[in-house]
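> Below: sequence and its predicted model.
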Amino acid sequence: MADTSAPVDRPYDLLIVGGGVNGAGIARDAVGRGASVLMVEQDDLASYTSSASTKLIHGGLRYLEYYEFRLVREALTERERLLKMAPHIIWPMRFVLPHSKLVRPAWMLKAGLFLYDHLASNMTLPKSRAVDFRTHSSGRPLKDDYTKGFVYSDGWVQDSRLVVLNALDAAERGADIRTRTRLIKATRSNGLWQAELEDRVTGKTTQVQARALVNAAGPWVARLLAETLNIPNSKSVRLVKGSHIIVPRVFDGPQAYIFQNPDKRIVFAIPYEQNFTLIGTTDIPWNEAPGKVGIAPDEIKYLCESVNRYFKKDVRESDVVWTYAGLRPLYDDASANASAVTRDYVLDLDTQDGAPLLSIFGGKITTYRKLAEHALEKLAPVLPAVAGASWTATEVLPGGDIGEGGFDAALARLGRAAPWLPAATAWRLLRNYGSRVYEIIGEATSLKDLGEVLGGDLTTREVDYLIQREWARTGEDILWRRSKLGLHLSEAERQKVSDYVQQKAA
Ligand SMILES: Cc1cc2nc3c(=O)[nH]c(=O)nc-3n(C[C@H](O)[C@H](O)[C@H](O)COP(=O)(O)OP(=O)(O)OC[C@H]3O[C@@H](n4cnc5c(N)ncnc54)[C@H](O)[C@@H]3O)c2cc1C
């Protein structure tokens, strides 16, 4: 039943639907420009595509093959910015690209990498170079058939934490962030949006008003238009499933590998959570309704075969310890092949009846900040509240002010400030929370001051912080999105975390 007693005295400037990276990025930017913002997410933050990516902050080397120069240049520029904005959750990585004469000639790889190194200005990461695997350490895990290749730079991100930190920053600047809240209906009336929201925990509905609505519903973007808003639209999304497998570590060292397949696709093998290797991804057209998706057995087989062409150590299907999959909400550019559909984004503005509606089609984690800027530029002429200057290019995300000397120097400082923290825990906390780690440890002077250990090195103090500050409401929120501790804890420990959160967050 609608809660009509809820006061509706003041419309928000902006109602954003979707708590993935794009919704959270727009919320942060808009509230920083002085707009009043409400963002609603039907589940947990980053529940869908934004926690299921390959987690690369990259220009997208392979997009050069599709002449996506605008996208690659923008993404490479963003890569530099994001590395500075969130040096705790985003870091540089070297990628090893073996040459396989069956797929692409070496001159083509060389030309692509030259462009990749020079397409954007002010790039600080080491440039690409040719390597001989018979002498270079990155050649050790590779089969002897691969003697030559290249190494180049890109970035790595803890994707779901990027979403949470954007939402956190938005909230700290005054945005209203509501998780487990679904937009179930919205209509235009007298130049305003009248929206009905459903609290998915209590089932209660409330009404809110907003001057403009942003449809950042990712895989649901077209359905939200057609079914929830009842607005015809000529643009559509192509949903393309991508899956990953996680196996015990296949190779040593901090470098990742990018392998070319005979079908011309590429597959990454990336060092993951210290003890594991992350392998992905696939491109499977998805014609069913959006929602939680899983990996299919033939995708596991494909991913194992892809890396087994290159690595000496065989990866078997039985080695897989975890999998995840997500739906890419790609802008439908009518490409015949799912791998070829553009990864660029399209913003569609509809200004009917003086109540603007902006819908977002496509996008990448890497370009979310720029997408948010473009979205607000587009809205500004019809929504003066967001007309302020763009500001996000240089402002760090929460915890990103880790101080002089980068991550290693910050870790050394944390070691001196809290010598009682085990080294691996200090590393994990700094990687997840950056300077906010000091908020978690507070006045503690020993490990036992952080409360009960629920599993691994996860203490009740950390879980309380995640509930109070980062909208965690279930064990899953904590084990698989705020962190990846789910990979390291036993079933019994995971249950203990869930029980604790349920009792605390109730
Ligand atoms: C397999 C795969 C690999 C990828 N790898 C990379 C990569 O390495 N690097 C990169 O830059 N990009 C990558 N991407 C792309 C990137 O992940 C996506 O572009 C990005 O996460 C999309 O974010 P979003 O906010 O648009 O969508 P989402 O994260 O899906 O967010 C949309 C949200 O809207 C919510 N929602 C929907 N309807 C409603 C409603 N009615 N009310 C309230 N909430 C609602 C949903 O619950 C959802 O959480 C990858 C994507 C996939 C699938």
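Noted; the coordinates are in hand. Numbers count the residues shown, from 1 in each chain.
> Tell me how far the lengthiest helix in the chain lies from the chain's centre.
Determined from DSSP state H, the single longest helix within the chain is helix 69-85. Computed by Cα atoms, centre = their mean, to the nearest Å, the separation of helix 69-85 from the middle of its chain amounts to 15 Å.
> what's it packed up against?
On a contact count with 3 or more Cβ pairs under 8 Å, 6 or more residues apart in numbering; DSSP states H and E, helix 69-85 meets strand 56-57, strand 90-98, helix 106-118, strand 148-157, helix 368-379. The C-beta positions use only the backbone N, C-alpha and C, and glycine is treated the same way.
> rank the ones you listed by mean pLDDT and give me the bottom one.
Across those, the stretch with the lowest average pLDDT is helix 106-118; it has a mean of 88.
> What parts of the stretch 1-150 of the chain come near the ligand?
By Cβ under 6 Å from any ligand atom, the residues of the stretch 1-150 of the chain that approach the ligand are 17-23, 40-43, 46-50, 52-56, 58.
> Now intersect those with the strands, please.
Val17, Val40, Leu56 (DSSP state E).
> how many other residues sit next to the second one?
Think Val40. 23 (other Cβ atoms under 10 Å).
> mind checking pLDDT for it?
98.
> Look up which residues are beta-bridged to it.
Val17, Arg178 (DSSP bridges).
> And it, how close does it get to Asp199?
Applying Cβ to Cβ, to the nearest Å, the value for Val40 to Asp199 is 10 Å.
> Identify the contacts common to those two.
Counting by Cβ atoms under 8 Å, 6 or more residues apart in numbering, the residues touching both Val40 and Asp199 are Thr181.
> for Ser36, what are its contacts?
Arg10, Tyr12, Asp13, Leu14, Gly174, Ala385.
> Show me which of those is closest to Ala334.
Relative to Ala334, the closest of the contacts of Ser36 is Leu14; by Cβ to Cβ it sits at 31.6 Å.
> Next secondary structure element downstream of the helix or strand of the chain with the lowest mean pLDDT?
Every helix and strand of the chain was ranked by mean pLDDT, DSSP states H and E. The lowest is helix 106-118, at a mean of 88. Next in sequence after helix 106-118, counting helices and strands by DSSP states H and E, comes strand 129-132.
> got the buried residues for that next one?
Neighbour counts over strand 129-132 (16 or more other Cβ atoms under 10 Å) mark Val131 as buried.
> Who are the packing partners of it?
strand 148-157.
> Following the chain onward from the strand it packs on, which element is next?
Downstream of strand 148-157, the next assigned helix or strand under DSSP H and E is helix 159-172.
> So which residues make contact with that next one?
Contacts to helix 159-172, defined as Cβ under 8 Å, 6+ apart, come from residues 19-21, 24-25, 27-28, 31, 37, 39, 45-46, 50-53, 55, 86, 89-90, 175, 177, 365, 368, 397-400, 432, 469-471, 480-482.
> Sort out for me which of these are in helices.
Per DSSP H, the contacts of helix 159-172 map to helices at Val21, Ala24, Gly25, Ala27, Arg28, Val31, Tyr368, Asn432, Arg469.
> about what we covered before: outside of the least confident helix or strand of the chain, which residues touch it?
By Cβ under 8 Å, 6+ apart, helix 106-118 touches 59, 61, 64-65, 72, 76, 97, 99, 123, 127-128, 130, 148, 150, 152.
> Can you go through the residues you listed and name the buried ones?
By 16+ other Cβ under 10 Å, these give Gly59, Leu61, Leu64, Val72, Leu76, Leu97, His99, Met123, Ser128, Phe150, Tyr152 as buried.
> Surely the fourth one and Tyr63 touch.
So that's Val72. Yes. Contact between Val72 and Tyr63 holds when scored by Cβ atoms under 8 Å: they sit 5.4 Å apart.
> residues from the stretch 151-300 of the chain in reach of the ligand?
Arg182, Leu183, Ala216, Ala217, Gly218, Pro219, Trp220, Leu224, Thr228, Gly242, Thr281.
> so what's the first one closest to, chain neighbours aside?
Excluding its sequence neighbours, the residue lying closest to Arg182 (Cβ to Cβ, 6 or more residues apart in numbering) is Gln42, at 3.9 Å.
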